[in-house]
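In: predicted model, plus sequence, below.
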Amino acid sequence: MTLAIILVVAAALALIFIVRATLSRSLQVSAGTNLATRIQPIDVEAFRNLVDPAEDDYLRRRLSTSEFRVVRRERLRAMAAYVQTAGSNAAVLVRMGQAALTAGDAPTAEAARRLVDNALLLRRNAAFALLRIYIALAWPNSGLAAAPVLQGYEQLNSSAMLLGRLQNPAVPVRISATW
Amino acid sequence: MLQAHSFLWNYLWVAPNLLLLFLAVLLWRRGTTRQFPAFFAFAILSSVGQLAVYAADILPSVAATTYWRVDWGDLVLEGVLKFALIGEIFALLFASFASLAQLGKTLIRGAGIILVFTAALAAAFSPRNEFVGIISGANLLEQTTYLIECGILVSIFFFSAYFHLSWPRQVLGIALGLSVSACVHLATWALIDNGGLLRSTRLILVFVNMATYHFCVLLWFYYLLVPRKAATKSAVPLPENNLDVWNRELERLVHQ
């Protein structure tokens, strides 16, 4: 009977998750008009500073081990906040890009496809980077490579701007604060 | 009413399969079978298989052992078709996104391995009826198939939700119907196999299964045949003379 209860609970949770995912997708489709306002611009230069290994080396040389751990953890937390925002922005851009894929003209559709691909890549990299950041929070002395996220984000910014300009030349889509 | 071989029992067994066959014919006439070949094969073969099992059940000349052999054959065929259909859903959803295709395959393979292991464990801990092994074996096969099917479908929904992918309407309909059917059947077969329930209670669960499948077939009708709302087009007329300028700007921004 225990096995039956476990399987019934698992099946019920799975059904609830799938139905919720389907309903939220339907709601997203109907409320997807003002997506650009949900993008939070990110200061790419500040982020670049945070992920720069030379900065970490400098701090390691200048500070005692215990001080370095404290500072490093603070920097990692800030880095995680940046990556989470970049990931959220990527999710919004996936939706914007997918909505634009249905556009009749080929250049907009092509720009949208490029944007979706870049945004998906960034969201994937953001997930991996967050994992590495949380591991590094436990071992602050370990190395960390968040550069792919930065690179992906810069590329995504260009794609988003292109799509924004193609769809509405008067209102550009900006996902970085320093362009 | 809720008795084996009552009118409702016969209706719920036969009607969804006839409807699914009809849906397959409609899809074939509309020329959409090329888009969903696995669903088309599933619709035809699983319906024919279920109708064969039904015939074996009602024909007095068919022995009980023969009935269970037919049921086994149908279960194996349905299992293969469902996993082919899940593969088709996965391909239709992820194949167009180059950046996700490989990661998606890896994650689904990983989920599949874990699920097969979990299903084997669940089967190992399920009680066996030594006297009618062919029946408990069929029930276990149902439980195992639905456990893996349900898990893989949840993984696909989770993956697409994380990446905010929008499902093509028809693919969503197929996946939703398959998922609802898999989740409800997993729960009912788990109770039938492991719950130690009375015969009358088990019969009610079988009715729940059949009604759910009927609902799923209607869901497939809705998603595959009712046309979607007109897609929104870009409201702003695009200034064609600006396209080259912005393409050049993109190149400059990417390479700076």
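Out: Received it, and whenever you're ready, just let me know what you need.

In: and the closest residue to residue B:37 other than its chain neighbours, how far from residue A:117?
Out: In this structure, residue B:37 finds its nearest non-sequential neighbour in residue B:88, 7.2 Å apart by Cβ to Cβ, 6 or more residues apart in numbering or on different chains. Every residue, glycine included, has its C-beta placed from N, CA and C. According to Cβ to Cβ, to the nearest Å, residue B:88 and residue A:117 sit 22 Å apart.

In: swap in residue B:164?
Out: Noted for residue B:164: a distance of 14 Å to residue A:117, by Cβ to Cβ.

In: now do residue B:75
Out: Residue B:75 sits 41 Å away from residue A:117, going by Cβ to Cβ.

In: so whatever helix or strand residue B:173 lives in, near chain A or not?
Out: Element membership of residue B:173, judged by DSSP states H and E, is helix B:169-194. Yes. On the criterion Cβ under 8 Å from any Cβ of the partner chain, helix B:169-194 is in touch with chain A at B:172, B:176, B:179-180, B:183-184, B:186-187, B:190-191, B:193-194.

In: wait, does the helix or strand just after that helix contact chain A?
Out: Downstream of helix B:169-194, the next assigned helix or strand under DSSP H and E is helix B:199-225. No. Helix B:199-225 stays clear of chain A (Cβ under 8 Å from any Cβ), getting no nearer than 10.3 Å.

In: in helix B:199-225, what counts as buried?
Out: Neighbour counts over helix B:199-225 (16 or more other Cβ atoms under 10 Å in any protein chain shown) mark B:203, B:205-210, B:212-214, B:216-217, B:219-221, B:223-224 as buried.

In: which helices and strands sit right next to that helix?
Out: Under the contact criterion of 3 or more Cβ pairs under 8 Å, 6 or more residues apart in numbering or on different chains; DSSP states H and E, helix B:199-225 touches helix B:7-30, helix B:169-194.

In: can you do 10 Å?
Out: Contacts defined by 3 or more Cβ pairs under 10 Å, 6 or more residues apart in numbering or on different chains; DSSP states H and E place helix B:199-225 against helix B:7-30, helix B:37-58, helix B:169-194.

In: just put these in CSV and tack on mean neighbour count and mean pLDDT.
Out: Listed next are the helices and strands packed on helix B:199-225 as CSV, based on neighbours: other Cβ atoms under 10 Å in any protein chain shown; pLDDT from 0 to 100:
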stretch, mean neighbour count, mean pLDDT
helix B:7-30, 16, 94
helix B:37-58, 18, 94
helix B:169-194, 23, 91
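
In: how about the closest residue to chain A within the stretch 1-150 of chain B: what's its closest non-neighbour residue?
Out: Closest contact between the stretch 1-150 of chain B and chain A, by Cβ to the nearest Cβ, is at residue B:99 (4.1 Å). Counting by Cβ to Cβ, 6+ apart, the nearest residue to residue B:99 once its immediate chain neighbours are dropped is residue A:121, at 4.1 Å.

In: quick one, phi/psi of the one you found?
Out: The phi and psi torsions at residue A:121 (degrees, to the nearest 10) take the values phi -60, psi -40.

In: pLDDT score for it?
Out: Looking at residue A:121, its pLDDT reads 81.

In: before we move on, the earlier item: that's a helix at the residue nearest to residue B:37, yeah?
Out: Yes. The assignment for residue B:88 (DSSP: H, G, I helix; E, B strand; the rest coil) places it in a helix.

In: quick check, residue B:81 in contact with residue B:48.
Out: No. Using Cβ atoms under 10 Å, residue B:81 is not in contact with residue B:48; the gap is 11.1 Å.

In: state the distance from the residue nearest to residue B:44 when sequence neighbours are not counted to residue A:18.
Out: Closest residue in space to residue B:44, ignoring its immediate chain neighbours: residue B:24 at 5.0 Å, by Cβ to Cβ, 6+ apart. Per Cβ to Cβ, residue B:24 is found 24 Å from residue A:18.

In: nearest residue to residue B:21 in space, please, no chain neighbours.
Out: Leaving aside its chain neighbours, residue B:21 sits nearest to residue B:47 (4.6 Å; criterion: Cβ to Cβ, 6+ apart).

In: try residue B:196
Out: residue A:1 (6.3 Å).

In: what's the neighbour count on the one you found?
Out: 11 (other Cβ atoms under 10 Å in any protein chain shown).

In: which residues are in contact with it?
Out: Residue A:1 makes contact with B:127, B:191, B:194-197, according to Cβ atoms under 10 Å, 6 or more residues apart in numbering or on different chains.

In: residue B:144 sits in which helix or strand?
Out: helix B:133-162.

In: now that helix: buried residues?
Out: B:136-161.

In: ok, and which of these reach chain A?
Out: Among the buried residues of helix B:133-162, the residues that sit close to chain A (Cβ under 10 Å from any Cβ of the partner chain) are B:143, B:146-147, B:150-151, B:153-154, B:156-158, B:160-161.

In: reformat the residues you listed as TSV; add pLDDT.
Out: TSV is the format used below for these (pLDDT from 0 to 100):
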residue	pLDDT
B:143	86
B:146	91
B:147	91
B:150	93
B:151	93
B:153	94
B:154	94
B:156	92
B:157	93
B:158	92
B:160	89
B:161	89
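
In: residue B:112: which of those residues is nearest?
Out: Using Cβ to Cβ, residue B:151 is the member of those that sits closest to residue B:112, with 8.1 Å.

In: give me the buried stretch members for stretch B:84-100, please.
Out: Buried residues in stretch B:84-100, counted by 16+ other Cβ under 10 Å: B:85-86, B:88-90, B:92-94, B:97, B:99-100.

In: so among those, where is pLDDT lowest?
Out: pLDDT across the buried residues of stretch B:84-100 is lowest for residue B:99, at 73.
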